[in-house]
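In: Structure for this input, please:
(chains A and B)
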Amino acid sequence: MNPVNYLYLAALLFTIGAAGVLIRRNAIVVFMCVELMLNACNLAFVTFARMHGNLDGQIIAFFTMVVAAAEVVIGLAIILTIFRSRHSASVDDASLLKL
Amino acid sequence: MSPAAPGAVVHSLWTTAAAEAPVKIPGPVIEYAELAPVLIVLGTALVGVLVEAFLPRRLRHPAQALLAAVGLAAAFAAVVALAAGGYANGKAHPAAMGAVAVDGPALFLQGTILLTGLVAVLTFAERRLDPAAHGRPVDSFAAQAAAVPGGEAEQKAVRAGLTTTEVFPVLLFAVGGMLVFPAANDLLTLFVALEVFSLPLYVLCALARRQRLLSQEAAVKYFLLGAFSSAILLFGVALLYGYAGTVTYSGIADVVGGTPRTVTPALAATMGNDALLLIGGAMVLMGLLFKVGAVPFHMWTPDVYQGAPTPVTGFMAAATKVAAFGALLRLLYVVLPGLRWDWRPVMWGVAIVTMLIGAVVAVTQTDVKRLLAYSSIAHAGFILAGVVATSPAGVSSVLFYLGAYSFVTLGAFAVVTLVRDAGGEATQLSKWAGLGRRSPLVAAVFAVFLLAFAGIPLTSGFAGKFAVFKAAAQGGAAPLVIVGVLASAIAAFFYIRVIVLMFFNEPRPEGPTVAVPSPLTSTAIAVGLVVTVVLGVAPQYFLDLAGHAGVFVR
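Out: Modelled structure (predicted):
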């Protein structure tokens, strides 16, 4: 199968993730969409590694996974604290800081 | 999977590797001495984590603050030693297998970040501004970050005298990431460094002792938008990797310039594909411009600056900007100089919009921290004017501006922590009326910082703006300079307005009081003031220093 198809898939996943970040209202779902974007990046890296015949892209995919895991730890902690103090994880409710 | 389709540019790494004799993999060469600043800071952060685990609670705060200060000072000494050893120009080279550049701009910015961090440690450690709770001094950070604001757990934590001393190691981790960020010499290091310094900042934003709901909200906003922007940056990295087949800066620059060392069939197929290069470059730029706070990507700045604890805001405003502009300069000057004619118009537009929107929106602000946030956006625009100059003078003027700006910012936010009323810091601008009559010294110091922001002669802001605009004009960006001067005039209006408010208005009877700080915050403000005045009165030595540091290594 032509590896370029995987690139199209990666771009599609990335777009779905980006649209989700902009449209969805629940902080957890927004965060899941960011993770989808990171995984789309991983798919693109691995595909390009296959096309170029070097391993750089595959190594980078591992780094991305580690970074994504660290981001989950921080992100869920922050979303959890705000949920506990407001009983809502909606990004629309977090609007004290407006002009 | 079908074996290598005819004509397809697919390599089979796995089948050939099995057939050949096992290859000896050479161990990587790591120049530990040249990476010493980063290693010292991260090592100190790890020791800080251990201190947190093993030291009794009452000793932790002084121990952590001292440890952080000593670590940052040692790392700064290492930077100075490297610069004195000639790594800033003669011996500059990419270290750690090409992952990190040790050169003039990197060392200059690392030195600036370390000094900024050192001053920030002083403001972090301040415990005399808030009245003591249950006989124990408290700092700007939550007693227990996990406790619900106003809940029973929080009251218990305050009674028990808990403090979040973890802020010091967290600060050190952030500084460690920032040290690598402007020195990153491949896109993977760039991304990892970005996350290493961003994640601690997200946590720090959520830790305010007063107004914790605002603080938590700022952290959520910063985190979600920051994660979004770093995902965009990462996809840009993926596309650039697809374009060039490598993530090293010099490798990509070679392919952009059309002179790669080896052209494999796969590379020949992708290196002609400008869509990958342009979209990838644009996405990486977006990620960096987000961190810089340039206009289409500035939305997080006012909210986060206002909500975060003020010492954190000061650190973030100063050090993040230094690190992010360093990375931006290296990307544009080392990776994409061959694409100059494509990115220059874009950066022109971004610079103009950033200067104007930052200055105009700041006029309408009613909160000191938001005002300083919009002013930082306008300053990002001024610095971008130096970035588009595409000359060594542009680089050195940006370096100088960053050094000058970071100390003014630290000092200004440190002053903001002093003006307090019953609810903590009184950041509403209306409450600052008549401050100059009550506490002439504090108001005068703040006025100096505001004049430096405005770029009035004899302050560092003037020297920095002059250098940046001069470089931009010589680089053929005269219209940009005109817009910059106009934006400076608009900005001067609201800085002067605050000064007028402080000195020529009657103080309100229920107005805020100025807390008497410990020597820590006083030192931080004094350092900011001295640097502001010295860089304004006698900038030549530092301009020369930045001038010598203006060449990137490839």
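In: From here on, just use CA atoms for contacts and neighbour counts.
Out: Noted.
In: the helices in chain A, which residues?
Out: Secondary structure of chain A by DSSP state H: the helices cover A:4-23, A:27-52, A:56-86.
In: Show me the shaky parts of chain A.
Out: Chain A contains residues with pLDDT under 70 at A:98-99.
In: can you list the residues of it near chain B?
Out: A:1, A:18, A:21, A:27, A:30-31, A:34, A:37-38, A:40-41, A:44-45, A:48-54, A:56-57, A:60, A:63, A:67, A:71, A:74-75, A:78-79, A:81-82, A:84-85, A:94-99 (CA under 8 Å from any CA of the partner chain).
In: Pull out the buried residues from these.
Out: A:18, A:21, A:27, A:30-31, A:34, A:37-38, A:40-41, A:44-45, A:48-54, A:56-57, A:60, A:63, A:67, A:71, A:74-75, A:78-79, A:81-82, A:85, A:94, A:97 (16 or more other CA atoms under 10 Å in any protein chain shown).
In: hang on, B:A101 in a helix?
Out: No: read with DSSP: H, G, I helix; E, B strand; the rest coil, B:A101 is strand and lies in no helix.
In: Check which helix or strand the residue lying closest to it once chain neighbours are set aside maps to.
Out: Once flanking residues are discounted, B:A101 sits nearest to B:P94: 4.1 Å by CA to CA, 6 or more residues apart in numbering or on different chains. Using DSSP states H and E, B:P94 maps to strand B:93-95.
In: That strand pairs with which strands, and in what direction?
Out: strand B:100-102 (antiparallel) (DSSP bridges).
In: contact partners of the strand it pairs with?
Out: Strand B:100-102 is contacted by residues B:34, B:87-88, B:92-95, B:180, B:183-186, B:189, B:553-554 when judged by CA atoms under 8 Å, 6 or more residues apart in numbering or on different chains.
In: how distant is the strand holding B:P94 from the center of its chain?
Out: Centroid displacement of strand B:93-95 relative to its chain, using CA atoms, centre = their mean, to the nearest Å, is 23 Å.
In: Kindly report the same for stretch B:476-486.
Out: Using CA atoms, centre = their mean, the offset of stretch B:476-486 from its chain centre is 25 Å.
In: Run a quick neighbour tally on B:G536.
Out: 22 (other CA atoms under 10 Å in any protein chain shown).
In: part of a strand, is it?
Out: No: assessed with three-state DSSP, B:G536 is helix; it does not lie in a strand.
In: residue contacts, it?
Out: With CA under 8 Å, 6+ apart, B:G536 has these contacts: B:457-463.
In: which one of these sits closest to chain A?
Out: B:G461 (27.6 Å; CA to the nearest CA).
In: What average pLDDT does the helix or strand hosting the closest one get?
Out: Assigned by DSSP H and E, B:G461 belongs to helix B:460-474. Mean pLDDT, computed over helix B:460-474, is 94.
In: Report the buried residues of it.
Out: Those would be B:460-473, for helix B:460-474 by 16+ other CA under 10 Å.
In: I'd like these written out as JSON lines, with distance to B:V531 added.
Out: Converted to JSON lines, the buried residues of helix B:460-474 look like this (distance: CA to CA, whole Å):
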{"residue": "B:S460", "distance to B:V531": "8"}
{"residue": "B:G461", "distance to B:V531": "11"}
{"residue": "B:F462", "distance to B:V531": "13"}
{"residue": "B:A463", "distance to B:V531": "12"}
{"residue": "B:G464", "distance to B:V531": "12"}
{"residue": "B:K465", "distance to B:V531": "16"}
{"residue": "B:F466", "distance to B:V531": "17"}
{"residue": "B:A467", "distance to B:V531": "17"}
{"residue": "B:V468", "distance to B:V531": "18"}
{"residue": "B:F469", "distance to B:V531": "21"}
{"residue": "B:K470", "distance to B:V531": "22"}
{"residue": "B:A471", "distance to B:V531": "23"}
{"residue": "B:A472", "distance to B:V531": "25"}
{"residue": "B:A473", "distance to B:V531": "27"}
